[in-house]
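Chemist: Mind looking at a prediction? Sequence and model below.
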Amino acid sequence: MSDILALRPRAEALGQALPPLLASAEHLAATVILGEHGRRRAGMGDEFWQYRPAHEGDSARMIDWRRSARSDSHFVREREWQAAQTVLFWVDGSRSMSFSGDRAREPKSDRARLVALALAVLLLRGGERVGLAGEIARPRSGRSQILRLADALAGEGASDYGRPDLAGLVAHGRMVFISDFLGDLEAIERALERAADRDVRGALLQVLDPAEEAFPFDGRTIFESMGGSLRHETLRAGDLRTRYLERLAQRKDRLATLARASGWHYHCHHTGQGALPALLWLYRALERTS
C-alpha cells in the first residue's frame, strides 16, 4: 500500500499534463458500453446474455424448457463470457520517439504514452487485465493499475530505436505496439511471428511527426539520430525528398503487410492530429481481434 501511495503524486503529476486526452477517454467511457469490450459473447459465466433459437447439434441440456414452452420453437439460454482478457502494451521509449519537428508540438513519445494510458483506462474499466511488456507493470485488473502504468510509462530508454519487448506475453491474449517503427523491421517481424505462435493478436500504431511525413528540408542540412549514433550531412537535402518518401511508403506498406499476415491491424497516426482518433482506432482494432 505504501508503494502505491508513493506512486500517486508522480502519476498525478503525469496526469495533469494529459487533461485533453484523459477527458476524451472519460467521454468515450460514458458513450461506449465498456463492460462489453472483449467479453460480450457467448461462453462460460453466470450472467444471462440472450435467448437464441436452438440449432442442430445443441444438446438437450442446453435448451431452456421454460422459455421454449411459450412458443413453438426451442430456445437456448446463453450466458455472457466472463473470462477477462489480458492486453499487453509495448510503448516504444527509445530516443527516436523524443523527436518533434516543431517546438510547439509534443514529441512522439508524449503522444504514444497518452494514447496508451487512455486506452488502458478504457480496458481496465471494461474488466480487462492490462500491463506493460517487461517486469515493471505486469498485467492486472482494477483501477489502481492505472497508477502503476502511468509511472512505468514515464521512463525513457537509451537506444536510438526501439525493439519490441515481449516479456510477459500471455498466450491467447492481445497486444498493442506503439512506436514510430523507424528501426529494424526484422525485429518487428520476429516479434509478430512469436506472438502468432502463441495465438496473440493485436494492433500496431505507428506514431510519426508531420516533419517525418513531409520531409520539409532543403539546402545544407545535418541529419542526426536523437541518440547521436547516426549522422549524415548534405548540401542538397531537397534532392533526398523523393527517395525518402518512397522508402517511408515502403516501410508503411511492409508494416501493414506484416500485420495482416499475423492477424493484426496497422494504422499510422501523426502528432499534428488530435489524440482521440488514434485512441478510437486502437479501441476498435482490439474489438476486431476479440
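Modeler: Sure, I can see it. What you see is a predicted model, and the numbers here were worked out from it, not measured in a lab.

Chemist: what sits opposite the spatially most central residue of the chain in the beta ladder?
Modeler: Central residue of the chain (CA atoms, centre = their mean): V176, 3.5 Å from the mean position. V176 has these beta-bridge partners by DSSP bridges: F89, A203.

Chemist: thinking it is in contact with A118, fair?
Modeler: No: counting by CB atoms under 8 Å, V176 stays clear of A118, with 11.9 Å between them. Placement of C-beta: from N, CA and C, glycine included.

Chemist: For L245, which non-adjacent residue is closest in space?
Modeler: F215 (6.3 Å; CB to CB, 6 or more residues apart in numbering).

Chemist: residues in contact with that neighbour?
Modeler: 240-241, 244-245 (CB atoms under 8 Å, 6 or more residues apart in numbering).

Chemist: and it, backbone torsions?
Modeler: phi 50, psi 70 (degrees, to the nearest 10).

Chemist: now the one 4 residues further on
Modeler: Backbone torsions of G219, given as degrees, to the nearest 10, read phi 70, psi -150.

Chemist: That one contacts G238, correct?
Modeler: Yes: the criterion here is CB under 8 Å, and G219 meets it with G238 at 7.2 Å.

Chemist: quick one: which of these two has more around it?
Modeler: G238 (13 against 9; other CB atoms under 10 Å).

Chemist: what's the spacing between the more buried one and T221?
Modeler: 9 Å (CB to CB, to the nearest Å).

Chemist: for stretch 153-162, what is the average pLDDT?
Modeler: Stretch 153-162 shows a mean pLDDT of 79 in the predicted model.

Chemist: so L240 sits right up against E233, yeah?
Modeler: No: with contact defined as CB under 8 Å, L240 does not count as touching E233 (11.7 Å).

Chemist: Could you check which of the two is surrounded by more residues?
Modeler: L240 (17 against 10).

Chemist: What distance do you get for that one to T221?
Modeler: 9 Å.

Chemist: shared neighbours, these two?
Modeler: With CB under 8 Å, 6+ apart as the test, L240 and T221 both reach T234.
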